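Student: Have a look; sequence and predicted model below, questions after that.
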Amino acid sequence: MRKVLITFALALAGVGVAVSPASAATTNVYYETVADGDTQFIPACTPGPDNPTCDPRGAGSRLISTGSLSYTQGGATIGSVHTDCTTTRKVGNDYYGFCTDTLTTPQGNSVAVGEINESALERYEAQNLTLTGAHGCLTVQQVVYPNVFKLTVKRT
């Protein structure tokens, strides 16, 4: 009898696992295209004889852009992304910045924030930002310089 009860308990545990709801983890991939004129660069300073050490791209400079989103590279527009990055520091030849990306998609709006290596992004190295209000991340990778990016939204 004990064997039957143990077998029955194990069977019920297996059924419980089988009917438990699956994780709500999702991954969505988009391609961002930034059209000419949809990017604004605000330099940190203006180089000149009075400011010979000025680095216009240095700490305090900003890059603001709005791009269209599609499910495939060059595909039909399904949403948009607004990016605002402020350069925070330079290490060696690489510039780092704090960025906020706001995505508007058929799946809803997402905001991602964090520090990225701006120079690495230009070298086609993926950069990660944290999704606010949700568990997950936004991975940004340049695919065509200077205006096409692959955006992967992973919600966990």
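Tutor: Structure received.
Student: Spatially central, which residue of the protein would that be?
Tutor: Leu138 (3.0 Å; C-alpha atoms, centre = their mean).
Student: what sits against that residue?
Tutor: Shown in contact with Leu138 (C-beta atoms under 8 Å, 6 or more residues apart in numbering): 101, 103, 110, 112, 128-131, 151-154. C-beta here means a position set from N, CA and C on the backbone, and glycine is covered the same way.
Student: element containing it, please.
Tutor: Taking DSSP states H and E as the definition, Leu138 sits inside strand 136-144.
Student: Sheet-wise, list the partners of that strand with their directions.
Tutor: Here strand 136-144 is paired, per DSSP bridges, with strand 127-131 (antiparallel), strand 148-155 (antiparallel).
Student: rewinding a little: list only those of the contacts of Leu138 flagged as buried.
Tutor: If you count burial by 16 or more other C-beta atoms under 10 Å, the buried members of those come out as 101, 103, 110, 112, 129, 131, 151, 153-154.
Student: in the sheet, who's paired with the residue nearest to Cys99 when sequence neighbours are not counted?
Tutor: In space, Cys99 comes closest to Cys85 once its chain neighbours are excluded; the distance is 4.0 Å by C-beta to C-beta, 6 or more residues apart in numbering. Beta-bridge pairing of Cys85 under DSSP bridges involves Leu63, Cys99.
Student: Cys85: how many residues sit nearby?
Tutor: Neighbourhood size, Cys85 [other C-beta atoms under 10 Å]: 21.
Student: thought it was touching Asn117?
Tutor: No: Cys85 lies out of contact with Asn117 (C-beta atoms under 8 Å); the separation is 11.3 Å.
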